[in-house]
Every structure is written in C-alpha cells, then in structure tokens.
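Novice: Give me the fold of what follows.
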Amino acid sequence: MATALSRLTRRRFGQLALAAGATTVLPRTLFAEVATETPLHGLSAFGELKYGPNFTHFDYASPEAPQGGQMNLAVSNWTLNQSPSTFDTLNTFVLQGNAPPRMESLYDALMVSSLDEPDAIYCALAESVTVSKDRNSFTFKLRPEAKFSTGEPVTADDVVFTYETLKELGHPSLQVVLRAVSEIVADDARTVRIGFSGEQSYQDALNAFGIPVVPRAFFEDKEFDRVSGEAIPGSGRFEIARSEFGRFIEYRKRDDYWAKDLPFARGLDHFDTLRIDFFRDRQPALEAFKKGIITFREEFTTKDWATEYDFPAVTSGAVVKREFPGEERPKFQCWALNQRRTRFADSRVRHAINMCFDFEWTNANLLFGQRIHSNSPFQGSEFVAEGKPSEAELALLEPLRGEMPDDVFGEVWVQPVSDGSGRDRGMLREATGLFAEAGWTRQGNRLVNEAGEAFRLEFMTQGQEQQRVYAKFMETLRMIGIDASTRLVDAAQYQDRVNRFDFDMILAAFSLSATPTRESLTLFFGSEAADRPGAYNYPGMTSKTVDALLAKAGSANSRDDLVTAMLALDRVLRWRLDWLPNINANVHRAAFWNIFGFKDTKPDYGWPVESLWWFDKEKAKAIGRA
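Specialist: Next comes the predicted model:
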C-alpha cells in the first residue's frame, strides 16, 4: 500500500529527532550529569554515549567497502518541501515549491546523530561542544578543515546566518526546531555560541544542532525564501551533477569532501553517483525497475509485491526480493479528518467513520494479508499504551480529568474487529448511532443535520493504489448515507492543498523519532500548529489536555519519564481519534538488482540504503551489469 506522505525520516535534517537507535543497555542517566565548561565530542539527553572521543567510525559503517558505482534509487522517504513525483526548485529549506529528495546530502550540520542510539549526537562541522553552567548555552568550535563545495571555509558567521535565516524564513518544520533559540553569536571565526530561552527541553536543544549549514556569501544578492533552480552550496558529501526539472537528478560524490576520513562520515556513502528518476505514477516506476533503469526499490503496494515480482530477472536471481526488519521507532500512518470543517470536529463522527473501514476484509481481499491494523500513531515503539493506565500515567492524567474523555482512565482504545464480511452490520449500526448522537440522522439515503445539510466527505489522494484499496471504504460510507467520494490530484496540486489545509480527508504517513521532542510532537498534535501553513497538524486538532501532555513529554528528565508521558499522550490521542490510525507493516519489502553489497544486520533506527550499501563489481559481473 502506498503512503500519501513520508517525511521526517532523513538523518541530516534535524538529525537527533529524525534518525536514532537503541543500544543494548540504555543507562538512565540525566543530561544534568553531562560535564559543563568542558569540550565534548558528543551529547545525549538521557543516556551515556556509546562512542568514545577516539571512535573511528560508527559500528554500522563499512570502511572496508569498495568505492564507486551508481545506485538508481526509487525513494521511499523525503522531508521538508521535497516530493518523489516531481520537482521545480533546488531550495529545500522553504515551504514554497517541490524540491527533489536527498537534497540533504549536500549539507553538513554542527552535529549528527548515530543510527544505533536513541538520543545521541556527535560533532561533525564542530570539533567540540561546550555546555555552559546553566545548560542554556552551547559553544561550538568549528573544524578548521570544514569547507563548502565552493572551497570557502565554513565559519561561525555562516552558522549565525543559517540559524537566524531559517528561524525567520525557513520551512515551518525548521522554524519550530529553532523556536527556543534566543541568541546565536560568533565569538570568533571558528567559535559560535547558541543560547536558548530556558523554555526548551534538552531534547529540543540537541535537535537544533542537526540544522544544515549554508554559506552567507551565496545569498549576498539573492532572496532566501524563493523557488530557485540554483542549488545552494553545502559542505556535505554530495553535489548535484546533472538535473532536469520533473525528470531526474543525479548527485555526485565530491572527491574533495573535507570530512571523508572523519569518524562521523567514515565508512558511509560509497556510491559515486546517486540518481533519482521521477514518475507521476507507480506503474511506470515499477516498469523502470523491471528494465533495470532503477536498481533499488522499496515496495509499498501490496498487490504489486504479491503479483508483479515474478519477471525473469527475479527467477534467474538477477533481482533479489527480500524483507528487512522495520525500525524500532514510531510509525505513523493515519487518516486526517480536517476539523477546520466543523462536521469533523465531533469525536463521535470520527469514531463512526473509522468503524466504516473494514480492515479484516480489506487485508484479506486487497492487501494479500501483508498489513496490520494500527491502534496508535506511535505504532512499533515503546510508546504504545496497553490495558489501563499505570500509577505513573495516572499521576499525569488525573490533574487533567474533565478535559478529556472519561474512557481515557479505563482500557485503552483499540481498533474494532469486524466479521470480515466487508459489511459488518453490527459495526455499521454502531457507526450510524454515533452519527445520530452527533446530530446527523438518515433522511432517505442521506445523512443530514438539523439544517438539512448533507454530510460530505472527499478523500483526496495522489495515488491510484489508494483509490483501489479504499474504494470499499468509500462504498461503505455511501451505504450509510455519507456523500463520499475520492479525488485524485497531481503531486503539485496535492502538496499545495495540503499546505493550505484545503481537504476533507487525506492519508498521511510519517516515521517519528525514538526520542520525540516537544517541538516535533507539536508539529503533529499541538494546538499552535493547527493553522500554521506547512505544519503537520493536518486534522487541525486543538486540545489543552494534549498540549499539557506534550509539555510533559518535552520536559522529561529521564527516559522513564519520557515513556510515561508518551503513554499517557497515546491514551488521550486514541480516545480523541483526531488522527485515525490506519494500516502498517513491520518490515521493509525491498527489491534490488543483485549488484550491491551490504551488512546483513541493519541499524535499528535508520535504514538509508544509499549511504550504507555499496556497489559490488563481482555480483554485477555475474549478472552482466558490470
């Protein structure tokens, strides 16, 4: 099943929050124990660092791997204003336009996260970070060898310009990350100090250090917040070799990359070239893979996975079809019903609509049994609540009693289970009853309110596969009297309407961090993000209770406290059903031409194959693709 959106998964934008992992044993120490006024090589909000100051590379990296070759990638995730279907700008830092995925490979940040720890970051552009006594200020000493692709050094002035500009003009996601930054000062050419307001959590502070740094000089005669066909220079591993708007982009590894032998970069990014071709429909993209034009593809369409991978190259072994374990962080695929349109504002309406989706029938008849029915927006993580609240959860929930459904204090909400017939009459009677309680009654073959207005629901999508999978859902909604329809729009129109919240219902998919911050959670669930263009609060939900629990999660002083706050939040979200959890998979289903080498064990909290894998000449020679 294809997802509508897949964002916040890349490891270079907001590196701490967007790509993290877990060690075997997680010490429950606090950030308060981190040394102050001492240059450090890394930071962690809750746990000790896995890698010491003299580490040579991350464990999941492969310094011995051969270099060279090309990966033609069908992207499965993207971030900020990026689109997998088309692109019309090379500025990925603003809301306007559609940028190509993997633009982040052009840029480095002060610090980067590892993929095998939950909340640890390590120095990158910075060679050290020093925490002030009050822990509200962080001083970075930049590496003298750090250079942009233009050959100019990365200076403290560039960092100041980047942070100040992105806080004012950047994509809303970046603005939120930088909101608690109160000052950024260049003490000298290689020393920059970032101060916070004191309202931030340590998770929020560390998240801000993964912001990509851009050169001030490039913008001396240019406006920052504009759509542009000119790439902003970066200090990262790759540069753009060739591109054609809407068709393809090729990223070329820089021979002069300044950090290739440093611990945070060593043993990663082995391909000389990464190429992305753009297709407006899934079928042409699949055919391009079969022909070998694309060499790696993660498959989200269950029908294709079950029926399309029997072509000769698969039979001969030239193409490998394989499942890989999913990451151990929250996986988020949910319906968003737009509460800015008052007919969706009543939670009884949202519960009723959810009951009309017969997962059991859909999974058996359309999804080839390959999906699970999600109960939570935090599916796949330790933040999924079970049973009744614990004493620790009740300590957070009791002061908010009366501001949330009483059901929150009992068993946690779980998805209804149908009889699998595709028309479970008991569930549909219950759904109709909930509509009636909310003021919508059957009049002829329509559900209407007291004013005689019909209940309308338009599902907006950019994927024909979603039309196929959810056609039965739409049919069921019509059967109980809803004027339900599906509107298929192109990628540019889809993104524009989503940014302006101009829709009834969409299906959205994200992968969140193993250590969510208040700022990142606010983008999805916070009242202040309800009407912020470019934010991810697609339902337009507003709740003082949810906001209070977001604050608790954001101010957690230990991982135990964070988990407790997230479990309490999960309970409230699931009974409110602002986001309707939909379907999910606990594995990656990938197909690739047998020309790649890789470690069998993948990191638990990130899987950037274009960075971890390499070109294997012997394998390629064996199938005639050397």
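
Novice: Quick check: Val563 touching Glu382?
Specialist: Yes: counting by Cβ atoms under 8 Å, Val563 does reach Glu382; the two are 5.7 Å apart. Where C-beta positions appear, they are placed from N, C-alpha and C, glycine not excepted.

Novice: Let me see the backbone angles for Pro312.
Specialist: phi -50, psi -40 (degrees, to the nearest 10).

Novice: Check the protein for its longest helix and report it.
Specialist: What stands out as the longest helix in the chain, according to DSSP state H, is helix 559-576.

Novice: Buried residues of that helix, list them for me.
Specialist: For helix 559-576, burial by neighbour count (16 or more other Cβ atoms under 10 Å) applies to 559, 561-576.

Novice: again with stretch 128-146
Specialist: For stretch 128-146, burial by neighbour count (16+ other Cβ under 10 Å) applies to 128-131, 135-143, 146.

Novice: Also stretch 256-276?
Specialist: In stretch 256-276, counting by 16+ other Cβ under 10 Å, buried: 257-260, 262-276.

Novice: can you dump the C-alpha coordinates of the longest helix of the chain into PDB?
Specialist: Coordinates of each C-alpha in helix 559-576 appear next as PDB, following Å, rounded to 0.1, in the frame of the first residue of the first chain:
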ATOM      1  CA  ARG A 559      13.800   8.100  29.500                       C
ATOM      2  CA  ASP A 560      11.400   6.500  32.000                       C
ATOM      3  CA  ASP A 561       9.600   9.900  32.400                       C
ATOM      4  CA  LEU A 562       9.500  10.300  28.600                       C
ATOM      5  CA  VAL A 563       7.900   6.900  28.100                       C
ATOM      6  CA  THR A 564       5.300   7.600  30.800                       C
ATOM      7  CA  ALA A 565       4.400  10.900  29.300                       C
ATOM      8  CA  MET A 566       4.200   9.400  25.800                       C
ATOM      9  CA  LEU A 567       2.000   6.500  27.000                       C
ATOM     10  CA  ALA A 568      -0.400   9.000  28.600                       C
ATOM     11  CA  LEU A 569      -0.400  11.000  25.400                       C
ATOM     12  CA  ASP A 570      -1.100   7.900  23.400                       C
ATOM     13  CA  ARG A 571      -4.200   7.100  25.500                       C
ATOM     14  CA  VAL A 572      -5.700  10.500  25.000                       C
ATOM     15  CA  LEU A 573      -5.000  10.700  21.300                       C
ATOM     16  CA  ARG A 574      -6.500   7.300  20.700                       C
ATOM     17  CA  TRP A 575      -9.800   8.100  22.500                       C
ATOM     18  CA  ARG A 576     -10.000  11.500  20.800                       C
END
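
Novice: Residue most distant from the centroid, the chain?
Specialist: In the chain, the residue that sits farthest from the middle, by Cα atoms, centre = their mean, is Gly444; the gap is 43.7 Å.

Novice: on that earlier part again, which helices and strands sit right next to the longest helix of the chain?
Specialist: Contacts defined by 3 or more Cβ pairs under 8 Å, 6 or more residues apart in numbering; DSSP states H and E place helix 559-576 against helix 391-397, helix 518-525, helix 544-554.

Novice: mean confidence score for the last one?
Specialist: Helix 544-554 shows an average pLDDT of 94 in the prediction.

Novice: List the contacts of that helix.
Specialist: For helix 544-554, the surrounding residues in contact (Cβ atoms under 8 Å, 6 or more residues apart in numbering) are 201, 203-204, 396, 400, 403-404, 516-519, 521-522, 525-528, 562, 565-566, 568-569, 572-573, 576.

Novice: chain center to it: distance?
Specialist: Between the centre of helix 544-554 and the centre of its chain there are 21 Å (Cα atoms, centre = their mean, to the nearest Å).

Novice: just stretch 509-521 next, same as before
Specialist: 8 Å.

Novice: what about it, start to end distance?
Specialist: Distance between the two ends of stretch 509-521: 14 Å, counting by Cα to Cα, to the nearest Å.

Novice: Mind telling me what element Arg589 is part of?
Specialist: Arg589 belongs to strand 587-593 when assigned by DSSP states H and E.

Novice: same question, Val498
Specialist: Per DSSP H and E, Val498 falls inside helix 491-499.

Novice: just Cys334 next, same as before
Specialist: Assessed by DSSP H and E, Cys334 sits inside strand 331-337.

Novice: between that strand and helix 518-525, what angle do the directions make?
Specialist: Put simply, strand 331-337 runs at 40 degrees to helix 518-525, going by axes from the mean of the first three to the mean of the last three Cα atoms, to 10 degrees.

Novice: related to what we said a few turns ago, the helix holding Val498: which residues count as buried?
Specialist: Ala491, Ala492, Tyr494, Gln495, Val498.

Novice: Equivalent analysis for stretch 174-188, please.
Specialist: Within stretch 174-188, the residues that count as buried by 16+ other Cβ under 10 Å are Leu174, Gln175, Val176, Val177, Leu178, Arg179, Ala180, Val181, Ile184, Ala186.

Novice: can you check stretch 240-248 too?
Specialist: Going by neighbour count (16+ other Cβ under 10 Å), the buried part of stretch 240-248 is Ile240, Ser243, Gly246.

Novice: how near is the second one to Asp277?
Specialist: Same thing as Ser243. Distance of Ser243 to Asp277, computed by Cβ to Cβ, to the nearest Å: 11 Å.

Novice: Asn582 now?
Specialist: 29 Å.

Novice: before we move on, what about Ile506?
Specialist: Note on Ile506: its distance to Asp277, by Cβ to Cβ, is 26 Å.

Novice: just Leu110 next, same as before
Specialist: 33 Å.

Novice: same deal with Arg266?
Specialist: The spacing between Arg266 and Asp277, counted by Cβ to Cβ, is 30 Å.

Novice: and what of Leu394?
Specialist: Separation of Leu394 from Asp277 (Cβ to Cβ): 53 Å.

Novice: Also Lys617?
Specialist: Counting by Cβ to Cβ, the separation of Lys617 from Asp277 is 23 Å.

Novice: Flag the shaky bits of the stretch 101-250 of the chain, pLDDT-wise.
Specialist: Scanning the stretch 101-250 of the chain for pLDDT under 70 picks out nothing.

Novice: the strands in it, which residues?
Specialist: 111-113, 120-123, 126-131, 137-142, 181-188, 191-196, 238-244, 248-253 (DSSP state E, counting those that start in this stretch).

Novice: Now do the longest one against strand 137-142, angle only.
Specialist: Okay, so that is strand 181-188. Put simply, strand 181-188 runs at 40 degrees to strand 137-142, going by the same axes, to 10 degrees.

Novice: thought Asn586 was touching Ser381?
Specialist: No: using Cβ under 8 Å, Asn586 is not in contact with Ser381, being 11.5 Å away.

Novice: So those two - more neighbours on which side?
Specialist: Shown here are Asn586 and Ser381; by other Cβ atoms under 10 Å, Ser381 has more neighbours (21 against 13).

Novice: what's the closest non-adjacent residue to the more buried one?
Specialist: Excluding the flanking residues, the one nearest Ser381 by Cβ to Cβ, 6 or more residues apart in numbering is Pro330, at 4.2 Å.

Novice: I'd guessed that neighbour sits against Leu512; true?
Specialist: Yes: counting by Cβ under 8 Å, Pro330 touches Leu512, with 4.1 Å between them.

Novice: Are there residues contacting both of those two? Which ones?
Specialist: Common contact partners of Pro330 and Leu512 (Cβ under 8 Å, 6+ apart): Phe378, Ser381.
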